[in-house]
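> heads up, no residue letters with this:
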């Protein structure tokens, strides 16, 4: 957490929720209007879908895909 989130998981809440597989948080954030494809400028422009995939959070991957999250291959 310290090296990629700078100790502030709330700066990038969708990436954090995706990383830990918190589906309720993902749903709430998306419902509140958070962009499922937001780029984490502090960490190589990484997107929530990439965090979910990197940490094996399959249910988070599904939730983000349902929210129309795009992969880099799709042109995001």
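Looks like it arrived, so ask away. Note that the structure is a prediction, hence the values are computed from the model and not measured.

> Would you mind measuring from residue 64 to residue 38?
In this view, residue 64 and residue 38 are 11 Å apart by Cβ to Cβ, to the nearest Å. For every residue, glycine as well, the C-beta is placed using N, CA and C.

> same question, residue 58
21 Å.

> quick one: which of the two has more around it?
residue 38 (17 against 10; other Cβ atoms under 10 Å).

> give me phi/psi at the nearest residue to the more buried one once chain neighbours are set aside?
Nearest residue to residue 38, sequence neighbours excluded (Cβ to Cβ, 6 or more residues apart in numbering): residue 14, at 6.0 Å. Main-chain dihedrals, residue 14, degrees, to the nearest 10: phi -70, psi -40.

> and the gap between residue 14 and residue 53?
Taking Cβ to Cβ, one finds residue 14 at 14 Å from residue 53.

> who's more crowded, these two?
Between residue 14 and residue 53, counted using other Cβ under 10 Å, residue 14 has the larger neighbour count: 26 against 16.

> residues touching the more buried one, list them.
The contact partners of residue 14, by Cβ atoms under 8 Å, 6 or more residues apart in numbering, come to 26, 29-30, 34-36, 38, 48.

> and which of those residues is nearest residue 5?
Of all those, the one sitting nearest residue 5 is residue 48; the distance, using Cβ to Cβ, is 13.0 Å.

> For stretch 23-39, what is the distance to the chain centroid?
Here the centre of stretch 23-39 is set off from its chain's centre by 8 Å, with Cα atoms, centre = their mean, to the nearest Å.
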